[in-house]
Each structure stands twice: as C-alpha cells, then as structure tokens.
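Asker: compute the structure for the input listed below.
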Amino acid sequence: LKIRWEARYFESADILGALIPWFHEIQELGQWKALGTQVGDYNILYQTLIALGTYLTDSPNRFYKGTAILSDLILALSCAYMLTRISRKSFLRDNVFYVAYTCVFLLPIAILDSAYWGQCDSLYTLFLMWTLYLLYEKKFCPAFLLYGIAFAFKLQSVFLLPFILILYLSRREFSLLNFLYSLVSFWLSGIGGYLNGRSLLAPFEIYMKQSSAYHSMYLNCESFWKLMCPPEAYEQTAKFAILFTIALLGLALYAVLTFRATPSSFEDFLRYAVWVCWTMLLFLPAMHERYTYPLDILLVLLTITNVKYALFAFFEILTSLNTYGYYLFQASTHDPFFTLIQVGLWFAFTARCYRSLVGSKGDFVQPASTAGPPIEQYPPHLFQSQNSGKPVGFPLFFVPVHSFMTWLSEWRYSAARRGICRRVLAR
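Answerer: Numbers count the residues shown, from 1 in each chain. Presented below is the predicted three-dimensional model:
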C-alpha cells in the first residue's frame, strides 16, 4: 500500500485525457441521471461505478486510484483464498496463502496499472479468476453469472471464452445453456441506464461500437504481427489475423479431444487458460498493452502451482513492463527484441502444453479413435532420440498425419470386409 501511495499524484495520459473528463461530465449531467447518456467508451456498469463515485468524492484521481487499489487488494486475497482452498491447506498456518497474496499484490504490472495508470483491469480480472475457480469446483451457475459481470466490465473477458468451450467439449459436465446466466448478468449490469431511458440493447451496442473503434494491427503491445507488417496494415491483414487465431484455437481443441487430455487439476485449468489468453493476445489484431493483465495474473498463479513455469512468468511480465514503461514514462523502446522474446515464449509454452497433452516423460496417450494399429506399433525411431534413445516430444505435425492414417486404415479394413478392395484389384 505504501508503494501505491507514493504514486497518488501521478496522472497518466488516460486519466488526463479520458477518465477525469468522464468524471466531470457525469457530474454535470446530474450524476445518477447521467446514466441515460453514454459517457466515454466503457460499458454502463463502469459508468455506473463512476456515477456512484461522484457522490463520494470530488477528486477524480482519488476515486479512480482508490477503486483500482481496492480491486488489487480483493484480487490478491481472492487468488490466495483459491489456491489455499485447492491445496487443502490451513489459511493461517500454511505459506500458500501468504505467497499467493504477496505475489499478486506486489506484481509490478498490478502496481503500475492501478496506482500510476488509474485503470481498474483488476476488476474484470477478479471476476475472471472467480469464474475459473468456480468452473473447477463445478459450481457452474455462479461461474457463468460472474463471467457475465466480468464481460460487463471489459470486452477483453472474451479471452476466457475459448477455454470455456474447450472445457465443455472435453468434459461435457455442463450445458451451453449456462451462458444464459452470463447473458442475464451482463444485461442486468445496465439497469441504471435502462432506468434513465437507455435502450435495452445499449450494453450490446456499446461493445459493437467498441470492437470496431481501433483500426491498427497492434497498439503498444508485443504482437506477432509486429514482425510482419506495420500497424497501419489493419485493413489488409486484420481478417487474416482473426482467422489464423481461430485456426490455432481449433487446432488446440483438436489436440485436446484427440488425446483425451481433459483438464482435471487446477494446474491444468490454469495452463489451458494461459495458453488460450496468450494465443489471442499474440495473434489477434488491435491488442493493447493492458490486455496482458489477466495473462500475467494467470502465469503468477500457475507458477505458484508449479515452479517449472517461473521463467515463462518472469519473461512475459518483463515484456509487459516494457510496454507499460513506454506508455507511462517513455522509459523504454519498441525494440523488436522484446517481440521476439514474446513469440519465443509462446512457442516454448505451446511445446510444454503439447508435451503435457501426450503424457509426462514421453508416455503417449492413445488417441480417441482406436481404429487401426495402436500408437505403440509405430516405428520406435519416431519417438526416440537418435543419440540417447530416450522418448522425445510427439511431433506437432504428426497429429493430423496420424489422424488421417488412422481414418485411412479404418476405411481400408471396413472396405476389405465388404469386398470392395477385392473388386477394385480385380479390375
């Protein structure tokens, strides 16, 4: 708290150019009555929060930073609570709670985001973490309700959506109709606007407008497309980037279903969520630097769960600090080196995730289709190092090849039973 207190007078460009004018405009429009008019580009729930803040203080800076720091505190306590509950340890006598709380609350990105930037990314991240935890605990109704609230705070909550779909398709423990809970909580978040004359579709219209507001391939973030095109190439490459990202997510879903790698432990949940968020951040167009906030928190929790992910967390947070420093203090540069680090980290993390799909220590899991020869009957040299003879990772390109060969062998065996092959050969 002392570290954050020292930044109380710092005013970022966002605070000066957007947040403070929004605060004063809502005051002038009648505070609560201002909810009938769109102020800024955030959704109605955040505007409602600002309207309530105008009753509490006349200082916009104090309100924004106080709200953000309080959100940081609740997020840190929540993460510590979740990990302690999952580890089945004592809150007062075990180090898990204190380590998790300290790592999240003292995370440099969290300090810069709230105390210096005056942003509340910790708010929607808080609801995303609770959504993930409740999904793990199989409490689906509250999980989807909280996901709707996260979505009401920030459109970037969509980063968790592919993970939820992967979870559904791999486990089938809940119905897609549960998304109606999210829809209801998201819609109800705009009740202040409805009472003041806003359209009943206003929350949806705001996000439709927001999604098309930025026509740049990347905005002060480490994006894969930084290595290939300038930010002005949005019109030419944005659709390709979106389709490419969808293809990567589809390939991940295919791998999960093929190897029946259903996420079971909380480490699995965190690892899958990290990969999904990281992939979308790196390959989608029009990404901002602050969108890495939930990814950084997830990586911290994953590292506490398993220390082997520490280097991924360290270097990803380092690249995030570079972009934060560039915006807040102009203290860093857009060196392509940081982009290469980010892309390299993603590839390394993807390889780590893939090895976890096919089993630990080189043990391979039988794919979902059992037709044709089992995987153990493939030539051993495909899976062994030529020097040591030890198992190596299952080659990524071999997944679709193996599936095609399995389908081909299944067709061959069934066709032979029907005598088709015999007649073809006779001809």
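
Asker: was I right about E173 contacting Y136?
Answerer: No - between E173 and Y136 there is no contact under C-beta atoms under 8 Å: 11.0 Å. Every C-beta, even on glycine, is put in place using the N, C-alpha and C of the backbone.

Asker: dihedrals phi and psi, the residue positioned nearest the centre of the chain?
Answerer: Nearest to the geometric centre of the chain sits C277, at 2.9 Å (C-alpha atoms, centre = their mean). Dihedral pair for C277: phi -60, psi -40, per degrees, to the nearest 10.

Asker: what segments of the stretch 151-300 of the chain are strands?
Answerer: Applying DSSP state E, counting those that start in this stretch to the stretch 151-300 of the chain gives strands spanning 218-219, 287-288.

Asker: present those strands as JSON lines; the columns should include mean pLDDT.
Answerer: Compiled in JSON lines, these are given as follows (pLDDT from 0 to 100):
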{"stretch": "strand 218-219", "mean pLDDT": "87"}
{"stretch": "strand 287-288", "mean pLDDT": "88"}
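
Asker: list just the one of those that sits closest to V104.
Answerer: strand 287-288 (21.3 Å; C-beta to C-beta).

Asker: with only the CA atoms kept, save the helix or strand where T350 lies in CSV.
Answerer: Using DSSP states H and E, T350 sits in helix 336-357. Output in CSV follows, covering the C-alpha atoms of helix 336-357 (Å, rounded to 0.1, in the frame of the first residue of the first chain):
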residue,chain,number,x,y,z
PRO,A,336,11.8,-6.0,-31.9
PHE,A,337,13.9,-7.9,-29.4
PHE,A,338,11.0,-7.9,-26.9
THR,A,339,8.6,-9.1,-29.6
LEU,A,340,10.9,-12.0,-30.4
ILE,A,341,11.0,-12.8,-26.7
GLN,A,342,7.3,-12.9,-26.5
VAL,A,343,6.9,-15.0,-29.6
GLY,A,344,9.6,-17.4,-28.5
LEU,A,345,8.0,-17.7,-25.1
TRP,A,346,4.6,-18.6,-26.7
PHE,A,347,6.2,-21.3,-28.8
ALA,A,348,8.1,-22.7,-25.8
PHE,A,349,4.9,-22.7,-23.7
THR,A,350,2.9,-24.3,-26.5
ALA,A,351,5.5,-27.1,-26.7
ARG,A,352,5.3,-27.5,-22.9
CYS,A,353,1.5,-27.7,-23.2
TYR,A,354,1.7,-30.2,-26.0
ARG,A,355,4.0,-32.5,-24.1
SER,A,356,1.6,-32.4,-21.2
LEU,A,357,-1.2,-33.5,-23.6
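
Asker: buried stuff in that helix?
Answerer: Applying a neighbour-count criterion of 16 or more other C-beta atoms under 10 Å, one finds 338-339, 341-343, 345-346, 349-350, 353-354, 357 buried in helix 336-357.

Asker: and the gap between I44 and G148?
Answerer: 13 Å (C-beta to C-beta, to the nearest Å).

Asker: intersection of neighbour lists for the two?
Answerer: Each of S189 lies in contact with both I44 and G148 under the rule C-beta atoms under 8 Å, 6 or more residues apart in numbering.

Asker: just confirm Y214 contacts A286, I think it does.
Answerer: Yes - because the distance of 4.3 Å satisfies C-beta under 8 Å, Y214 is recorded as touching A286.

Asker: so between these two, which is more surrounded?
Answerer: A286 (21 against 15; other C-beta atoms under 10 Å).

Asker: OK, contacts around the more buried one?
Answerer: Here A286 is in contact with 214-219, 234, 238 (C-beta under 8 Å, 6+ apart).

Asker: quick one, phi psi at it?
Answerer: phi 60, psi 40.

Asker: measure it to F153 for me?
Answerer: Using C-beta to C-beta, A286 is found at 19 Å from F153.

Asker: same check on W117?
Answerer: From W117 across to F153, the span is 16 Å (C-beta to C-beta).
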